[in-house]
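In: Generate coordinates for the sequence data below:
(3 chains)
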Amino acid sequence: MTLTKHVKLACLFLLILIFSVTAEIAGLTALSLKNDLTNGSISQTDGGFCPAKGGTLVVIHFGDPKSFNPDAVADDPLYPVASQIFNKLVTLDANYNVIPDLAESWEVSPNASVYVFHLRKNVKWHDGVPLTCKDVKYTFLAMKNFTGVAAGLLNLNLLKSVECQDDYTVVFKFSQPNAPFLSFVAWYGTFILPEHIYNKTEYTNWMDPKIPALSKPVGTGPFKFVEYVKGSHIILEANKDYFKEGLPCLDRIVFKIVPDAVAAEQTFIAEGDVLLTTPPLTDLPKLNATPGVVVRTYPTPSRWFLAFNMLRDLTRNKDFRFAIAYALNRTDILYRAFSGFGFVAKGMYVPSISWAYNPNAQPPEFNLEKANQILNSLGFKVGSDGFRTYPNGTRLTLKLVSFQTAEINAMSQVIKEQLRKVGIDVSIELLDLGTFQQKAYREKNFDIAITDGFWGPDPHNLYLRFGGGGHNLPGYNNTQFNDLAMKAATTGDTSRRKDLYWSLQEILAQELPIVPLIDVLGFDVYKAEWIGFDRDLPGKVGLGVYEAVWSKAKLTTTPVSITTTQTSISPTSSPITSTTQPTPTEGITTTATLAVLVIVIVIIAAAVFMYIRKK
Amino acid sequence: MKTPRRIENTFKKIVDFFNELRRDRYGLVGFAMLLSIIIIALLVPYLPIPYFNAMEYPLLSPPNTMNIFGTDNLGRDVFSRTLWGARTSLAVGFISAGLSSIIGILLGSLAGYFRGKVDDIISAITNIFLTIPAFFLSLVLLAIFGSSIYLIMLVIGLTTWPTTARVMRAQVLSVKERTFVEAAKAIGASDFRILFTHVIPHALPPAIAYTILQVGSAIMIEAGLSYLGLGDPNYPSWGRMIYEGQTYIMSAPWISLIPGMFLVYTVLSVNFLGNSLLKILSPKLKQT
Amino acid sequence: MSLVRHTSKKIAQGFFVIIISISIIFFLINLAPGDPIQFVAGDPIFLSKELVDYYRKMWGLDKPLYERFLIYLSNVFLRGDLGYSYRYSAPVIELIKERLPVTLLLTVVSNVLAFILGVALGLYASRKYTKLSDNLLSLVSFILNSTPTFLLGIVLMLAFSIHLKIFPVSGLIDVRNPKTGFMYYFDILYHSVLPIATLTFVLLPMYFKVVRDTALQQLGEDYVILCRAIGLDEGRIFKKHIFRNSILPPITLFMLQLGYSVAGAAITETVFGWPGVGRLLLDAIYQRDYPVILGVYLLVSISIVALSIIADLVYTILDPRIKTGGAS
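Out: The predicted model follows:
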């Protein structure tokens, strides 16, 4: 018994050693590989990306798509599937840079009101019909007419015309400058649809159930649709006529739908290749330690933040907002609610969109003394029960409103506890998403609210979240902010935009309508056998596209140079020592309490026993 | 002079009741189990244990001398939370069962006493509530209006009364025929007076047994709702603890299994007690 | 003749109950704060006024409430049209049809198993009344009756899938190696062992208790005492008389339970990740998919009402003591 244990330990040690050594080497090779790719011309895709062909990639997927029209509604479960079947004009790579997709190149007018895209000439739909400018024109007009999900972000109401100069040149003209357009075209809900299938007179709109492509999508992407069984799986097969020659490397992709996190993780280990269902974050190290599984982590532009209701007297008080910000220990939130998997949010915009991020505009750091000081000076006295009261004696209670997810549940509990430490009572109200949006965005029925969101791909997002429109959660209203934001949206000059967005972030840091909490940790979980994901080929492959993924197991001769980066997984922050060292007396009292309770139960049991016996 | 005799009577009744309970071992054991959990729930605020939401410990540590039931994913003491959870779960159980019984007893006795149109209408309502999938109705209500502990109690109370109403109706029907009711009618007492002073007290015993059983099922319903994420996040309840721990079921099973054990213990105690009460208190079963 | 009248009266009542039940849900979800369009937009930064207006109009949410209700009722009862799901943009009836077999496999099989096991064990326990085996069975039945479905499911999953690794953790089939022919059905069966076991254990105590109580009551009846006095063999008494007289209540219970089986396994389906009707309804509730909520609700109400009528009918036919129309 003990012998096998020792052998196991030794094996484990050896494995770790091997991993760390390969990680060293791989780090270097991955770097050189990356340089190689970014230097090469982007439209060129040689067979070099596919050292081995064939195989089935089994993706453990988190949900059923709503339909197979990727542009109509927000459909997160469809997105990873649609990325394989469809293409956009331009797309984002793993670093959120805009890269070519169906358009080889593009030009933007200096005032950002005219956009010209030059399409590739060798693109065919999965049914053999060639892709032309007509398809692009149809897609964007349909987005405008049928209110596609991206229509608002793309400002399609400002669209004057979409013209086809020839079969392969599209010209967009806007009535006003529209600088964020390109980034948003590269992001979400902008896949190009086949005009010859969708645009028939008998269809009332692009979600007409008579359209065959809604259940059997036809795209231009690296994979063709084969089969979809609701609640079970989606099967795709390689598109032999894909416009990037030699791609895709795989034969098939199977999306197995397992929404439950725990079940998905087990299924992934047993029979999956890629895990898209978010596993419990604390399982990441265990997953990473599982032989043959790779966990790769990176920061994302998605951010959790706490918004103050700027329409309520209490939270409209800037000092009070700063007091709350001082009272929040964001490192502790990261450690407890996210088990350390994530990043304490820096600045008032996300660092991962690096060109627009202003490192000088920072929210206050955790400081209990300052928080208490401000609250005292505002006249909130601590009562005998440890909670502060208004001068008139009512308890200082904040209503925290959010929606129901595991992260929010954990985060709201931690925030409730942290604010209890400065004497503020928090009452948590977790709603479903629909009610939350009604209560928080429209009725503004909250004191503080927690939500998350994607802050990319363009800093115009700041205007959406703090300026006009219905997306302004805190109800922040500052004319200077709005003016600067509009200026930034109407200029094509990137360096000028950067300056404007920097000053916007400074305004936000001074006024603090929100407290940025945590930047979401992105992670890819996949089997070590596979290589060629978006993050292996930045600048080359679109976000989440599996066109260049291939299996090392299919290689006849073992390659020396090709290995993926094997980053070891550990929480990005270390636990706070002061809070993790409880005083020993508490431990003793807990045990004593248990003893007392056991005695109580035993006495009751004895009494009952004697009572029965008396009979 | 009347009151002391009444008290004496009640006291005698209670003694009789315990003597009867003694014959049914299940009932007595159930009573003791329930008593122990009630005592714990009452004692909790005075026990020297950490505050239920205090986050002062390492995350996910297995049971040890410091945290005898281990800690959860936020570094809270599972022992403390489980004991505090007893308060929430028992409160939900007793209050919603009480609410459900009051509605059931009132509607059932009205239907049984007045018969005719009143009976038809109340029976139709009872029928509808028996047919509606009550659990899903509660889910819809909580999902839409946000889950607070009070709404949970209200919803459980409002959807579980039909059984009690049916039992009560049958009881009232038989009590109504007894001579003392006839006598009271002959004296000229009003219907409501007869109903509340003579009929309901005599028809009540089986309904009490059902109320006790209802406590168990209310605790289970609350746990089920919490498991689907619709519990109140401001209070620790066993169902909510199981829900929060289920993500860690493989790495830290104690987070959900320990409150689960307490839950089964409590519901079991209530079921033991309720069943033997049913045997003692309902005249039909007593004969056999 | 009176049986026909009795039944048609029951059917009329049932129809009334269904209408009331569906109206309660209809008005409840439509009067609730928030609206389903949020789910079309996802992240609120997508939510433009044009988008809201477009979908309100498309889904008919711009009409007044009573008009929507009348339209819904006429669609359902005159045309059999349950509407379109907001979330899946597919007919509700199709969604239900796809998932119904999965749910029925789970619920019907476990109901049958629980029925057979419950009757057998109940009779056995009543025969061994107050002996050790009876006490033990009653205790187990009590414990199972006090365990929430999800806890039982989690414990079974922990024990058999995660520690012993005998059964798969979740899902309906093995997608990695799709089986064909006979093996396909075997695969489904293999995946359904744990969910069916869970649901069977949940239902078992109910049948057990009913059978045991009825049998014990029968044992106290005069005819049994007479049989015993004559010196009839105990096994014979059980086989010929007790069994025959104690089978009726569990049959009625079985019918009633079948009525709930359309969506009664929602929690089991959630624990084991089964794509059944129960989960469809749960998802629809979280996503505000009104047509699906209403559709499943309607289906559940109809099946409960229908099977309670059938149970009533069966009871009347099988039990000669009950005269139709008369009070018991």
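In: and residue A:476, that's in a strand?
Out: No - using DSSP: H, G, I helix; E, B strand; the rest coil, the secondary structure at residue A:476 is coil, not a strand.
In: tell me the contacts of residue B:141?
Out: For residue B:141, the contacting residues are B:151, B:155, C:28, by C-beta atoms under 8 Å, 6 or more residues apart in numbering or on different chains. Where C-beta positions appear, they are placed from N, C-alpha and C, glycine not excepted.
In: Number of residues surrounding the second one?
Out: Residue B:155 is surrounded by 25 other residues when neighbours are defined as other C-beta atoms under 10 Å in any protein chain shown.
In: can you pull the contacts of it?
Out: Counting by C-beta under 8 Å, 6+ apart, the residues that residue B:155 touches are B:137-138, B:141-142.
In: Report the mean confidence score over the lengthiest helix in chain B.
Out: Secondary structure assigned by DSSP state H gives helix B:78-114 as the longest helix of chain B. The pLDDT scores in helix B:78-114 average 93.
In: Distance check, residue C:29 against residue C:291.
Out: 10 Å (C-beta to C-beta, to the nearest Å).
In: what about residue 244, neighbour count?
Out: Chain wasn't specified; assuming chain A. When counting by other C-beta under 10 Å, one arrives at 19 neighbours for residue A:244.
In: I was after chain B.
Out: Other residues close to residue B:244 by other C-beta under 10 Å number 26.
In: Could you say which helix or strand holds it?
Out: helix B:238-245 (DSSP states H and E).
In: what about residue A:423, which helix or strand?
Out: Per DSSP H and E: residue A:423 is located in neither a helix nor a strand.
In: for it, what are its contacts?
Out: A:372, A:375, A:380, A:382, A:386-388, A:396 are the contacts of residue A:423 under C-beta under 8 Å, 6+ apart.
In: which non-adjacent residue is nearest it?
Out: With C-beta to C-beta, 6 or more residues apart in numbering or on different chains as the criterion, residue A:423 has its nearest non-adjacent residue at 3.9 Å, and that residue is residue A:388.
In: Against chain B, how distant is that neighbour?
Out: Look at residue A:388 and chain B: by C-beta to the nearest C-beta, to the nearest Å, they are 17 Å apart.
In: pLDDT of stretch A:320-335, averaged?
Out: For stretch A:320-335, the per-residue pLDDT averages 94.
In: Now do the same for residue C:116: helix, strand or coil?
Out: Going by three-state DSSP: residue C:116 is helix.
In: Would you point out which residue is most central in the chain?
Out: By default, I'm working from chain A. Using C-alpha atoms, centre = their mean, the residue of chain A that lies closest to the mean C-alpha position is residue A:302, 4.9 Å off.
In: Chain C was what I was after
Out: Centre-nearest of chain C using C-alpha atoms, centre = their mean is residue C:261, 1.9 Å out.
In: what's the pLDDT at the residue nearest to it when sequence neighbours are not counted?
Out: Leaving aside its chain neighbours, residue C:261 sits nearest to residue C:107 (3.4 Å; criterion: C-beta to C-beta, 6+ apart). pLDDT recorded at residue C:107 is 91.
In: now do the one 4 residues further on
Out: Each residue has a pLDDT score; the one for residue C:111 is 93.
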